[in-house]
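S.K.: Need coordinates for the following:
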Amino acid sequence: MNGLRWGDNSAFYLIFAIVAMVLFYFIFQQQNKNKLNKAFGDRIAPWLSQSVSKHKQKIRLFLEVIGCFFIVVALARPQLGQSQQEVKSEGVELMVLADVSDSMLAEDVKPSRLELMKVELEKLVDLMPGNKMGLIAFAGSSALMSPLTTDPGALKMYIQSLDVNAVTHQGTNFQVALSYAKEAFERGGVTQAENLKTTRVVLVLSDGEDQEPDAIAEAQKLNEAGIHIITVAYGTEKGASIPARDARGNLTGMRKDKSGQPIVTQVRGDFLKEIARKTDGEFYNSYFDGSHLRDIVSKINEYEKSEFATSMNVQYDEKFAIPLLFGVIFLSLSFLVSNRQPRTYRPKGIFDV
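M.R.: Numbers count the residues shown, from 1 in each chain. From the prediction side, this is the model:
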């Protein structure tokens, strides 16, 4: 048999507020009595306050204290009994490769390619519950930001931390990033067996700039391992210059090449298409309306899903409604109690000389 437990023990600290309320009540009562006696004397003061029933005042205070106590108990959320619910996690293993090279700072899409990528990636996490997702930041080198996980909150935290300083070397080395993704699957994914295959997908978010020639060959290796690649291009064909900012984020100009000319970065969609094509994946352009996100989810849902883990969620039976009802009843009764005497009696001898 499951015993009584409390959902929020900190609510009981409010009992000190009830005790303070009672103390202040008696203190104010005594102060008012002293003031009347001082102003009118010990003989006249009781006559001025004869219409007030001290007995009813105490009854009203008692009802208010009991009512507040039950409200505190309700806030502490008493729980009695529990039930268990089986929760199954089902989906694919998805490793996200997020481009954090300097070219992603271009602002041909607002607020920038990098910031737009981060916003859309968080939306994608919400659209794909149940899947195991990991995050790799890449440029000239790669860094594992998050291993495969089913926790969307933790993944979003790492997404928000993405910036050009997440990796040690700049550039855009797709070959290293794809190889790193394959290793991440092997380290943190479900063990593959002949009778149990987990669908694995690599999602590449990039502008396609500064590609290395070995990337296509690496994509072919992923295809041989049964890993699909989906690519999303950020930026425009017209391109834009890369802003230069100081440590405080203030714009100081545009980045320039060795000849002193502003560096213009353009999206390279053909390269990203070729990588996706090698692994029976898909290529998408990032659109302002976010329609490509729904298409990505639909594409991933076409792949065979696997059951990752089964967990038991414990749900406790909340009983706060019972003390809450008693609290409301006692407080309502306190409002019905008047602190006035039913009749006013003239003290005998008040006009005596």
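
S.K.: Show me where this structure dips below the pLDDT cut-off.
M.R.: Residue ranges of the chain with pLDDT under 70: 1-2, 45, 47-49, 84-90, 188-197, 210-213, 249, 306-314, 342-353.

S.K.: Strands of that one, start to end?
M.R.: Secondary structure of the chain by DSSP state E: the strands cover 4-6, 78-91, 93-99, 132-138, 142-149, 200-206, 227-233, 240-241, 243-245, 251-254, 264-265, 282-285, 306-318.

S.K.: Include mean neighbour count and distance to Ile15 when you put those into a markdown table, please.
M.R.: C-beta here means a position set from N, CA and C on the backbone, and glycine is covered the same way. Below are those laid out as a markdown table (neighbours: other C-beta atoms under 10 Å; distance: least, C-beta to C-beta, whole Å):
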| stretch | mean neighbour count | distance to Ile15 |
| --- | --- | --- |
| strand 4-6 | 12 | 13 |
| strand 78-91 | 13 | 15 |
| strand 93-99 | 25 | 50 |
| strand 132-138 | 26 | 45 |
| strand 142-149 | 19 | 41 |
| strand 200-206 | 27 | 53 |
| strand 227-233 | 24 | 56 |
| strand 240-241 | 20 | 62 |
| strand 243-245 | 14 | 54 |
| strand 251-254 | 10 | 56 |
| strand 264-265 | 20 | 64 |
| strand 282-285 | 19 | 58 |
| strand 306-318 | 12 | 21 |
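
S.K.: Would you reformat the ones you listed as a markdown table and include distance to Phe40?
M.R.: Listed next are these as a markdown table, based on distance: least, C-beta to C-beta, whole Å:
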| stretch | distance to Phe40 |
| --- | --- |
| strand 4-6 | 51 |
| strand 78-91 | 50 |
| strand 93-99 | 81 |
| strand 132-138 | 79 |
| strand 142-149 | 76 |
| strand 200-206 | 83 |
| strand 227-233 | 85 |
| strand 240-241 | 85 |
| strand 243-245 | 76 |
| strand 251-254 | 76 |
| strand 264-265 | 89 |
| strand 282-285 | 87 |
| strand 306-318 | 55 |
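
S.K.: how far does stretch 323-330 sit from the chain's center?
M.R.: Offset of stretch 323-330 from its chain centre (C-alpha atoms, centre = their mean, to the nearest Å): 34 Å.

S.K.: my bad, stretch 248-264
M.R.: That offset, for stretch 248-264, works out to 37 Å (C-alpha atoms, centre = their mean).

S.K.: Next: stretch 142-149.
M.R.: Using C-alpha atoms, centre = their mean, the offset of stretch 142-149 from its chain centre is 19 Å.

S.K.: Next: stretch 21-29.
M.R.: On the basis of C-alpha atoms, centre = their mean, stretch 21-29 is displaced by 44 Å from the centre of the chain it belongs to.

S.K.: list the buried ones in it?
M.R.: Across stretch 21-29, burial judged by 16 or more other C-beta atoms under 10 Å covers no residue at all.

S.K.: Output it as PDB, nothing but the C-alphas.
M.R.: Output in PDB follows, covering the C-alpha atoms of stretch 21-29 (Å, rounded to 0.1, in the frame of the first residue of the first chain):
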ATOM      1  CA  MET A  21      -1.000  36.600  11.300                       C
ATOM      2  CA  VAL A  22      -2.400  35.300  14.700                       C
ATOM      3  CA  LEU A  23       0.400  37.100  16.600                       C
ATOM      4  CA  PHE A  24      -0.200  40.400  14.800                       C
ATOM      5  CA  TYR A  25      -3.900  40.000  15.600                       C
ATOM      6  CA  PHE A  26      -3.400  39.800  19.300                       C
ATOM      7  CA  ILE A  27      -0.800  42.600  19.300                       C
ATOM      8  CA  PHE A  28      -3.100  45.000  17.400                       C
ATOM      9  CA  GLN A  29      -6.000  44.100  19.700                       C
END
